[in-house]
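Asker: Coordinates only, no sequence provided:
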C-alpha cells in the first residue's frame, strides 16, 4: 500500500533535535576551519543563555506552586526523602566510577604540573552552615535576579504549601500559577525554535578561542573522563530499566534536546526549562518534575562528582603522590559533602577541586593545568548532570506510583503496558 502524503511528510520531517544536531556539526566546522569568525559568534550564544535565564525564575515558581498547591506537606516530605535517597546513591556510584577510571588509566602519569598559577581566581567554597543559610532567600526578587535555583525552590515550597493550607481562599493564586506555568512553557517553545543557531554559535566560539590543539597535551585525561561518563550512562540507564517500566528508546529520545543543549552550552540552566517540559510531555506529573529537577541541580551533580574524583587522582598522579586506598575513600567522602555546597558558584567544580587538593596536601597547580581544558570537559559533565536529573525524576515518579496509565513514557505501545490502576496515585491535583 502506498504511503499517503501526510505519512511521507511525517516520516521525513526534520525535528528540532535534528536541527540542533546540524547546528552542532556546523558550529564545530566553523570553529575548526574559521576560528576568527567562530569567536565573533560568541554574543549569539550569550543571548541564548540570557533568554533562558530570563525564564528560569518564573517557570520554577509557577510550576512548583501549581503542582504543590493541592498536594500538601505530607507529599512534599515523602517526595523529598525519596529524591535524596536516589541522589546519594547516584552520586556515590559516580564517585566510584571516576575513582576506578583514574586508577585504571592513570591519566596524570607523565603530565608535568605547571608551576605558574597567575590568573587562576576561584570563589571561596561554602561551609555546611553557610550552605544551609544561603538556601533560604532574604528576598525572592533577589533570588530571581541571581537565578539562585535552590532559593527559588525553597520560597516556592513555602508558597505552594501555604496555598494548599489556605484552601479555597487561595484558589486565585493557584489558578494564576497554573496559567503562568502554561505561559512560561510557551515562552520556552519560542526560545527553543532558535536553539540550533545558538548551539552552533556556542561551539564555534569555544573551538575558535580554545582550538583543537588545547586537547593534545591532556588527551589522556579528556578521554578518561568521557569514557567514565559513558560507563556511568550505561549503568544509570540499566538501573532505570530495572527500577521503572519506562520505554528506554522513548525516554532517551525525549531527553536528547536538553542533553545536547547542556553539552554545547556547558550550562545546566540553559537545559533546565526544556528538560522540565519534555519530562512533563512524557507523562510525569508536574508536581514531581517541578520539585525533583531543580532540587537535583543542587544535590544530584552526577557528572561533576565523577569528574572531581577523576581530577583529584589526576593531580596526585601528575605530582607523583601515591594515594592509598584509605586516602582515596577519604577524598570521596570530602567530595560527596563538598559538591552539595557549590550550587550557583562560578567554576563550581574547580572550587571543590581546590578545596579537596588543599585537604590532602596536593599541589594547587593542578587547578591551573585543568583550567585550560575545563570548558571542554565541562561539556560532558554538564550533560551528565542534566540527564542524571531527568533519570532521577522518572525513578522518583515511579516510586511515587504517580505516572498515569498509558503515559507516553511507557513507549509507543503504552496501551499494552498499562500500570495497574491500583498502583497509580489518583491524587493528581495540579498535574
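Answerer: Thanks, I have the structure now. Note that this is a predicted model, so its numbers are computed, not measured. Residues are numbered from 1 along each chain as shown.

Asker: So what's the predicted local confidence for residue 73?
Answerer: Looking at residue 73, its pLDDT reads 58.

Asker: And for residue 252?
Answerer: Value for residue 252, per-residue pLDDT: 91.

Asker: please begin residue numbering at 23 from this point
Answerer: Fine by me, first position is 23 from now on; the one you just mentioned is residue 274.

Asker: what residue ranges in the stretch 223-372 of the chain are flagged as low confidence?
Answerer: Residue ranges of the stretch 223-372 of the chain with pLDDT under 70: 232-240, 359-372.

Asker: one more time with 50, if that's ok
Answerer: 363, 365-368 (pLDDT under 50).

Asker: for it, what spans make up the helices?
Answerer: For the stretch 223-372 of the chain, the helices defined by DSSP state H, counting those that start in this stretch occupy 241-265, 270-287, 290-303, 308-321, 324-340, 347-360, 370-381.

Asker: The ones you listed: which one's closest to residue 186?
Answerer: Among these, helix 308-321 comes nearest to residue 186, with 10.9 Å by CB to CB. The C-beta positions use only the backbone N, C-alpha and C, and glycine is treated the same way.

Asker: and the gap between the most centrally placed residue in the chain and residue 384?
Answerer: With distances taken as CA atoms, centre = their mean, the residue of the chain nearest its centroid is residue 408 (2.4 Å). Separation of residue 408 from residue 384 (CB to CB, to the nearest Å) stands at 30 Å.

Asker: still on that earlier bit, which residues sit in contact with the nearest residue to the residue nearest to the centre of the chain once chain neighbours are set aside?
Answerer: Leaving aside its chain neighbours, residue 408 sits nearest to residue 284 (4.1 Å; criterion: CB to CB, 6 or more residues apart in numbering). By CB atoms under 8 Å, 6 or more residues apart in numbering, the residues touching residue 284 are 290, 292, 293, 404, 405, 407, 408, 409.

Asker: Quick check: the farthest pair among those?
Answerer: Pairwise distances across those (CB to CB) peak at 14.2 Å, for the pair 292 and 409.

Asker: Let me know how buried residue 345 is, in neighbour terms.
Answerer: The number of residues packed near residue 345 is 19, by other CB atoms under 10 Å.

Asker: just the one 5 residues further on next, same as before
Answerer: Taking other CB under 10 Å as the criterion, the count of residues near residue 350 is 18.

Asker: what's the answer for residue 163, then?
Answerer: Residues near residue 163, counting by other CB under 10 Å: 10.

Asker: so which helix or strand takes in it?
Answerer: helix 162-167 (DSSP states H and E).

Asker: So which other helices or strands are in contact with that helix?
Answerer: For helix 162-167, the elements it packs on are helix 64-90, helix 171-188, judged by 3 or more CB pairs under 8 Å, 6 or more residues apart in numbering; DSSP states H and E.

Asker: Mind checking the pLDDT average for the last one?
Answerer: I take that to be helix 171-188. Mean predicted confidence for helix 171-188 is 82.

Asker: Quick check: next helix or strand after that helix?
Answerer: Note on helix 171-188: by DSSP H and E, the next helix or strand toward the C-terminus is helix 193-214.

Asker: what helices or strands is that next one leaning on?
Answerer: If you count contacts as 3+ CB pairs under 8 Å, 6+ apart, helix 193-214 packs onto helix 64-90, helix 171-188, helix 290-303.

Asker: now the longest one, how far from the chain's geometric center?
Answerer: Helix 64-90 has its average C-alpha position 14 Å from the chain's average C-alpha position, going by CA atoms, centre = their mean, to the nearest Å.

Asker: List the buried residues for the helix or strand just after it?
Answerer: The helix or strand immediately downstream of helix 64-90 is helix 95-127, counting by DSSP H and E. The neighbour-count check on helix 95-127 (16 or more other CB atoms under 10 Å) flags 97-98, 101-102, 104-105, 108-109, 112-113, 115-121, 123-124, 127 as buried.
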